[in-house]
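Engineer: sharing a model that was predicted from the sequence below.
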Amino acid sequence: MQIEKNKSQIEIPKEYTERVMVRFYFASQKLLPIGIRKLDRNDEEIRIRQEAAARKLTTAEFADRVRKGRVDTGEQREHKNVDPTDFWDSLKKNFQIADIHSVEQENGKTVVVVTFAKDPLLSGGRLGSVKPEIVKAIEQTFIYPAKWGSVWHWVNPDKTETLNCIARQEKPKNLIEQV
């Protein structure tokens, strides 16, 4: 497993990728925008789904390959000190937002998940289910005023890419005003 580190820009190949899941991880409930749909996390269901995807996509053994106790079928890239503006604007230009929801993890942290798709209906989205005010709240909290200490970018063989944004930091005020 090769992990690319510190690549300066996140690139999503729009001709290959069908779906992109952007996940924002944080501890403070004050950051959770009002009105986001909350889902229950079912770790066993997630594990079963990941194992089924691994068996479907390849015959290789993926258990514990990258993360202990997890099935990882994709290639992982680590990006440091990421300004999410570029990748967010590119995703909005090349994909449609299919779904937005939050999940509380067992450790008490919250994850906001924004799913972009070429075809939202094929990605489990529902037409008209993503309210513009929710998108705006996410942008005002996680995109324009923030940088992320690490973004783990997973490129998966099922044409889904995942961006896991960790360690939110405020941008300096002079950078926020330029956006």
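Structural biologist: Nice, thanks for sending it over.
Engineer: how far off centre is stretch 96-115?
Structural biologist: Relative to the chain's own centre, stretch 96-115 is displaced by 9 Å; criterion: Cα atoms, centre = their mean, to the nearest Å.
Engineer: which of the residues in it are buried?
Structural biologist: Across stretch 96-115, burial judged by 16 or more other Cβ atoms under 10 Å covers 96-100, 110-115. Every residue, glycine included, has its C-beta placed from N, CA and C.
Engineer: quick check, pLDDT for the most centrally placed residue in the chain.
Structural biologist: By Cα atoms, centre = their mean, the chain has its centre lying nearest to residue 22, at 1.9 Å. Note for residue 22: predicted pLDDT of 96.
Engineer: quick one: strands adjacent to the one helix or strand it maps to?
Structural biologist: For residue 22, the host element (DSSP states H and E) is strand 19-26. Sheet pairing here is set by DSSP bridges, and for strand 19-26 it gives strand 110-117 (antiparallel), strand 160-170 (parallel).
Engineer: buried set for the longest one?
Structural biologist: Neighbour-count burial for strand 160-170 flags 160-165, 168 (criterion: 16+ other Cβ under 10 Å).
Engineer: give me the contacts around that strand.
Structural biologist: 10, 12, 17-26, 31, 74, 82, 84, 87, 142, 145-156 (Cβ atoms under 8 Å, 6 or more residues apart in numbering).
Engineer: generate a ChimeraX selection restricted to the buried entries among those residues.
Structural biologist: In ChimeraX, a selection of the buried entries from the contacts of strand 160-170 looks like this (16+ other Cβ under 10 Å):
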select :10,12,17,18,19,20,21,22,23,24,25,26,74,82,84,87,142,145,146,147,148,151,152,153,154,155,156
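Engineer: who's in contact with the nearest residue to residue 87 once chain neighbours are set aside?
Structural biologist: Setting aside the residues directly before and after it, residue 87 is nearest to residue 10 in space (Cβ to Cβ, 6 or more residues apart in numbering), at 4.5 Å. Going by Cβ under 8 Å, 6+ apart, residue 10 touches 79, 82, 86-87, 151, 153, 163.
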